[in-house]
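S.K.: what's the 3D shape of this:
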Amino acid sequence: MAPSAFTIAEEYTSCLKTVSSVDANFVHADNHGGHVASNLIGDALKARVESVNQDTCGAGEEDAFFVADLGEVYRQHIRWKKNLPRVKPHYAVKCNPDPQVLRLLAELGTGFDCASKAEIEQVLKMGIDPSRIIYAQPCKTKSYVRYAAQHGVKQMTFDNADELYKTKQLFPEAELFLRILTDDSASLCRLSQKFGASLDSTADLLELAKKLELNVVGVAFHVGSGASDPKAFLKAVQDARFVFGQAASIGIEMHTLDVGGGFCGDTFEPMAEVLSEALDVYFPPHIRVIGEPGRYYVSTAFTIACHVIARRTVADATLGTTSYMLYLNDGVYGNFSSIIFDHQNPVPLVLNCGNRFLYDTRRSGYDTPTVTEYSIWGPTCDGIDVISQSCTFPETIDVGDWLYFEDMGAYTKCSATRFNGFTDSHDIVYVSSEPGATALLGL
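M.R.: Numbering: from 1, shown residues only. Now for the predicted structure:
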């Protein structure tokens, strides 16, 4: 059974303890807002860093770690409900399968977008009803389809004829969404080159589905991860309306539209406004609408702290300058995989330098004319393992100091590897800057 809202609230209350605990725990505030969130995250970072003595700690005790503010996830959910009340979010598990994030979203009533057997299994083990899951993978492994069938996960996407024959063979009772091609040229991560049926092929696919007596219940699209052009949603909704019409003309009555993901925190309101207006124009109220947000929920909720494990001095005799190469205990083969796979540029910030704790001071302290240049590198022996080619700090960073990076919740730890034998699993300290999250978990 899924934990009830009361169960989670009770757990949150029982976990009111100091953040110096190395165990994953929840820390709460009596009020909310950015200031409280910053204080909670800063306190958690400081407590953990001060608990590590680099000269005596055991191997791995100084590893990189996350602080996750579940209050931020909650605020994003409320923001979604305010701006897209018609669209029920199905969180994209692939983005960050953190179990506490999934538990919170489950209690908030979201659905889940799963792309593999493992993701479906993780959600089902939480006690989530299979009707809240969409297997949003147009090209699926046969054994995974059998697993979905055995566990009643009926909603799934397709975009080609072979997938229809596969479904007829393995799961004829499935509820199918025809995923259509969209213009994702303005997106951070383009998906149309891999998935989506062109409008030239949708009529034939619908005819085949009807011939095979399969149940096509809706249309799905995805404007690309990290979309930046609101007009992409408008065109996609118009195309979906066209396919709904094609289906109706041959006797297929569809009832659901899946608007996919692509939502970013920075551009969410204008995106939501265009999408909402398009839905109202092209789809009557009885049509169910779902979405698949991922990074929108978690990107800003996670902060990572990394230890400086080594430093090299780079002296340029010609220019008379000195810079430094800093080596951290995490890099692009670990939680900074987002640099390669998600086109991110994490910004290094100084957490502590010597005995000074400097979290959240860069806004007032980095205008000093005296700065030192650094490049930031990961711990592996691969030359591409670079986090930042050039950055500057007013402080002189040395071995044993800590840096931190904000907005590290999306496509980071989910794609970390064990290359060179480094760990792909890092501790997470949970805090909550929104007490209201626990009170509203049952909504």
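
S.K.: which is the next helix or strand following the host helix or strand of I376?
M.R.: Of the helices and strands defined by DSSP states H and E, I376 is found in strand 372-377. Next helix or strand after strand 372-377 toward the C-terminus (DSSP H and E): strand 386-393.

S.K.: the helix or strand just after that following strand pairs with which strands?
M.R.: Read in the C-terminal direction, the helix or strand following strand 386-393 is strand 402-405, with elements assigned using DSSP H and E. Strand 402-405 has these partner strands in its sheet, going by DSSP bridges: strand 302-316 (antiparallel), strand 349-353 (antiparallel).

S.K.: quick one: V217 from E107, how far?
M.R.: Counting by CB to CB, to the nearest Å, the gap between V217 and E107 amounts to 27 Å. In short, each C-beta sits where N, CA and C put it, glycine included.

S.K.: more crowded one of the two?
M.R.: Of the pair V217 and E107, E107 is the one with more neighbours under other CB atoms under 10 Å, namely 23 against 20.

S.K.: for I384, which of the strands paired with strand 402-405 is the nearest?
M.R.: With CB to CB, the closest approach to I384 among these belongs to strand 302-316: 17.3 Å.

S.K.: returning to that earlier point: got a list of contacts for the strand holding I376?
M.R.: For strand 372-377, the external contacting residues (CB atoms under 8 Å, 6 or more residues apart in numbering) are 321-328, 331, 348, 385-397, 403.

S.K.: stretch 316-326 now?
M.R.: Contacts of stretch 316-326 from elsewhere in the structure, counted by CB under 8 Å, 6+ apart, are 308, 310-315, 372-377, 397, 403.

S.K.: show me which of those residues are buried.
M.R.: Those of the contacts of stretch 316-326 that meet the buried threshold are V308, R311, Y374, S375, I376, W377, I397, L403, by 16 or more other CB atoms under 10 Å.

S.K.: could you export those residues as JSON lines, including distance to Q100 and pLDDT?
M.R.: Formatted as JSON lines, the buried ones among the contacts of stretch 316-326 follow (distance: CB to CB, whole Å; pLDDT from 0 to 100):
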{"residue": "V308", "distance to Q100": "29", "pLDDT": "96"}
{"residue": "R311", "distance to Q100": "35", "pLDDT": "95"}
{"residue": "Y374", "distance to Q100": "34", "pLDDT": "93"}
{"residue": "S375", "distance to Q100": "34", "pLDDT": "94"}
{"residue": "I376", "distance to Q100": "29", "pLDDT": "96"}
{"residue": "W377", "distance to Q100": "31", "pLDDT": "94"}
{"residue": "I397", "distance to Q100": "32", "pLDDT": "93"}
{"residue": "L403", "distance to Q100": "25", "pLDDT": "97"}
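
S.K.: out of the residues you listed, who's nearest V73?
M.R.: Distances from V73 to these, taken as CB to CB, are shortest for L403 (24.2 Å).

S.K.: you'd agree that closest one is up against C306?
M.R.: Yes. L403 is in contact with C306 according to CB atoms under 8 Å; the separation is 5.4 Å.

S.K.: any shared contact partners between the two?
M.R.: Between them, L403 and C306 have L328 as joint contacts when contacts are counted by CB under 8 Å, 6+ apart.
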